[in-house]
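Asks: Below is the sequence, then the predicted model.
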Amino acid sequence: MPRTQISNETSTWLLQAKEILDEARRLKPGPERKELRQTAKVLREIAKLEAASGSAPERDRWPRT
């Protein structure tokens with residue numbers, strides 16, 4: 001399955017998802033682990049939507065004058 005490259009810079013959402021998944025892997029199977037995995041899934045979806053819209057937080061800033 002090919003992976004979609006979002007950008008050269010790793011999204012903050014993806015980094016958070018990775019950290020949450022790492023934490024979930026340390027837990028025994030159960031509701032808490034499942035909740036963390038679902039949270040990571042949502043964060044990955046947000047990262048995809050952000051990449052598709054092309055609106056990274058850095059681009060949305062107003063220039064200082």
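Replies: Here it is on my side, so go on. Numbering: from 1, shown residues only.
Asks: so where's the protein shaky on pLDDT?
Replies: 1-9, 55-65 (pLDDT under 70).
Asks: Identify the single longest helix in it, thanks.
Replies: helix 31-53 (DSSP state H).
Asks: Give the buried residues for it.
Replies: For helix 31-53, the neighbour count (16 or more other C-beta atoms under 10 Å) marks 36, 39-40, 43-44, 46-47, 50-51 as buried. Bear in mind the C-beta positions are built from the backbone N, C-alpha and C, glycine included.
Asks: show me what contacts residue 23?
Replies: Listed by C-beta atoms under 8 Å, 6 or more residues apart in numbering, the contact partners of residue 23 are residue 36.
Asks: Can you name the helix or strand that it falls in?
Replies: Using DSSP states H and E, residue 23 sits in helix 12-26.
Asks: Output that helix as CSV, nothing but the C-alphas.
Replies: Taking Å, rounded to 0.1, in the frame of the first residue of the first chain, the C-alpha atoms of helix 12-26 are listed here in CSV:
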residue,chain,number,x,y,z
THR,A,12,2.4,18.6,14.3
TRP,A,13,-0.7,16.5,14.2
LEU,A,14,1.2,13.4,12.9
LEU,A,15,3.9,13.9,15.6
GLN,A,16,1.2,14.0,18.3
ALA,A,17,-0.5,10.9,16.8
LYS,A,18,2.8,9.0,16.9
GLU,A,19,3.4,9.9,20.5
ILE,A,20,-0.1,8.8,21.4
LEU,A,21,0.3,5.5,19.6
ASP,A,22,3.6,4.9,21.4
GLU,A,23,1.9,5.4,24.7
ALA,A,24,-1.0,3.1,23.6
ARG,A,25,1.4,0.3,22.7
ARG,A,26,2.7,0.3,26.3
